[in-house]
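*Asks:* Pasting a predicted model and its sequence here:
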Amino acid sequence: MAALAWLLIPLVAAIGAGLWGSWANRTRRARNDGPELDGYARFRAAMEKPHSRHMTEQP
């Protein structure tokens with residue numbers, strides 16, 4: 001009987017992990033990535049702009 005209890009522990013843990021994983025992932029489907037992608041596009045545009053001074057010049 002003790003061996004059966006030790007086998008049930010990982011089974012219950014796996015079921016619990018599956019339930020938690022499905023619960024944690026439920027809101028990711030409806031997430032809108034528009035603002036994050038817009039911010040990344042602005043970042044890339046800023047990085048591609050030429051600088052007015054070189055890094056070696058002293059102010």
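*Replies:* Received the coordinates, thanks. Fair warning: this is a prediction, and the values are worked out from it, not measured in the lab. Residues are numbered from 1 along each chain as shown.

*Asks:* what ranges of this structure fall below the confidence cut-off?
*Replies:* Across the chain, residues meeting the criterion (pLDDT under 70) sit at 27-31, 52-59.

*Asks:* all strands in this protein, in order from the N-terminus.
*Replies:* For the chain, applying DSSP state E gives no strands.

*Asks:* Helices of that one, start to end?
*Replies:* 2-24, 34-48 (DSSP state H).

*Asks:* possible to save these as a markdown table with mean neighbour count?
*Replies:* No exception for glycine: its C-beta is placed from N, CA and C like everyone else's. What follows is the helices of the chain, written out as a markdown table (neighbours: other Cβ atoms under 10 Å):
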| stretch | mean neighbour count |
| --- | --- |
| helix 2-24 | 9 |
| helix 34-48 | 9 |
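
*Asks:* What spatial separation is found between residue 48 and residue 34?
*Replies:* Distance, residue 48 to residue 34, using Cβ to Cβ, to the nearest Å: 21 Å.

*Asks:* Likewise for residue 47?
*Replies:* Distance from residue 47 to residue 34, by Cβ to Cβ: 21 Å.
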